[in-house]
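curious how this folds, go ahead:
(one chain, ligands or ions: 1)
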Amino acid sequence: MHWQTTRFRIDLSRPRVMGIVNVTPDSFSDGGRHATAAAALAHCERLVAEGADMLDIGGESTRPGSAPPEAAEESARVLPVIEGALRLGVPVSVDTSEPVVMRAALALGVDIVNDVRALRRPGALASLAAHPGAGVCLMHMRGEPSTMQAQTDYDDVVAAVGDFLEQRAAEVIAAGVAAERIVLDPGIGFAKRPEHNLVLLRRQRELVARLRRPLLVGWSRKGTLGVLTGRAVHERLAASVAAALAAVHHGAAVVRVHDVAATVDALKVWQAACGD
Ligand code: HH2
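So this is what the prediction gives:
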């Protein structure tokens, strides 16, 4: 299986690590840490040195309850960082739902659009479809980050997430986006309670089998890990690495993580012990 992106055809025969770069004042675990372009770019360089297979650069915090920034503000945060990161030799993803930001990032040559709203904002799908080479990650969420934790009733969360991702992938393909450019994400922590997130992990193989597209999963430092361990957000390294390994073990192709070095080491051991 491959993920076709603007400059890279990413081989997913082994699990890949996507390093998170939040250029935001308010992200739940690293808000304000890389808030200037220079600091964010230095962080990009560090993550690549630690073994990140790709970088995901975002200017909107989507933590529960947060409100999105203006498009101009989001652009000002991410575009200078993307421009620098495109010189680092790894695929670069922009974590955005905003068509203005997508178009500007795609014009710079960004490799992937990662959209927690699965290209549902007006103009987003057309913006992506206008760039036939780019890759995309479509994620499951209900509502908006400001309201999503009031929309957590599911009969069967695995079926609901599978239905959504299957339908959304079909709509994106119908708009002219090749299937090999699409990766899907169950959206851990987005409109879900801890028990839903854990069921999505334990039954992740069902999603992989049903969707027949690679799965990207983000467990890094998230609240469910706090519930399981009783640990605050900055004390969730071991829990995050364990969750990334479990996700890979259950068939995830890409894990989206803050702590790249530790995840890369753990995946090397997992690959030797359990990989093909
Ligand atoms: N999670 C977050 C943001 N973007 N994208 C995908 N595809 N999957 C995810 O699980 C995902 C995502 C939230 O995490 P983080 O970036 O650390 O925090 P914040 O949204 O507060 O910036």
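
what's the burial count for residue 232?
10 (other CB atoms under 10 Å). In short, each C-beta sits where N, CA and C put it, glycine included.

then the one 3 residues further on?
Residues near residue 235, counting by other CB under 10 Å, number 13.

report pLDDT for it.
Residue 235 carries a pLDDT score of 98 in this model.

which ones are touching it?
Listed by CB atoms under 8 Å, 6 or more residues apart in numbering, the contact partners of residue 235 are residue 229.

could I get the phi/psi values of it?
phi -110, psi 20 (degrees, to the nearest 10).

residue 92 now?
phi -120, psi 130.

from the ligand, how far out is the closest residue in space to residue 103 that isn't next to it in sequence?
Using CB to CB, 6 or more residues apart in numbering and skipping the chain neighbours, the partner closest in space to residue 103 is residue 127 (4.9 Å). Distance of residue 127 to the ligand, given as CB to the nearest ligand atom, to the nearest Å: 17 Å.

that's a helix at residue 127, yeah?
Yes: Residue 127 forms part of a helix when assessed by DSSP: H, G, I helix; E, B strand; the rest coil.

pretty sure it is touching residue 105, no?
No: applying CB atoms under 8 Å, one finds residue 127 not in contact with residue 105, separated by 9.6 Å.

which one's more surrounded, the two?
Counting neighbours by other CB under 10 Å for residue 127 and for residue 105 shows that residue 105 has the greater number, 29 against 21.

how far out from the middle of the chain is the host helix or strand of the more buried one?
Per DSSP states H and E: residue 105 is located in helix 99-108. With CA atoms, centre = their mean, to the nearest Å as the basis, helix 99-108 stands 17 Å off its chain's centre.

what's downstream of it, the next helix or strand?
strand 112-115.

who's in contact with that following strand?
3, 5-6, 54, 56, 58, 91-97, 102, 105-106, 119, 124, 128, 134-139, 216.

surely residue 19 is in a strand?
Yes: membership of residue 19 in a strand is supported by three-state DSSP.

so who does it touch?
44, 47-48, 50, 52, 54-56, 257-258, 260.

looking at the longest helix along the chain now, give me its mean pLDDT.
The longest helix of the chain (DSSP state H) is helix 157-174. For helix 157-174, mean pLDDT is 98.

following it, which helix or strand comes up?
Assigned by DSSP H and E, the successor of helix 157-174 is strand 182-185.

now do the helix or strand just after that following strand: everything it contacts.
Downstream of strand 182-185, the next assigned helix or strand under DSSP H and E is helix 194-202. Contact with helix 194-202 is made by 152, 154, 157-158, 161, 186, 188-189, 192, 207, 219, 222-224, 227-228, 243, 246-247, 250, as judged by CB under 8 Å, 6+ apart.

try 6 Å this time
With contacts defined as CB atoms under 6 Å, 6 or more residues apart in numbering, helix 194-202 is touched by 157, 186, 188, 224, 227, 246.

pick the one among the residues you listed closest to residue 176.
residue 186 (25.0 Å; CB to CB).

got the residues of the stretch 101-250 of the chain near the ligand?
Within the stretch 101-250 of the chain, the residues that sit near the ligand (CB under 6 Å from any ligand atom) are 114, 116, 137, 139, 185, 187-188, 216, 218.

quick check, nearest of those to the ligand?
Taking CB to the nearest ligand atom as the measure, the ligand lies nearest residue 218 of those, at 2.6 Å.

so the closest one makes contact with residue 256?
Yes: using CB atoms under 6 Å, residue 218 is in contact with residue 256, at 3.8 Å.
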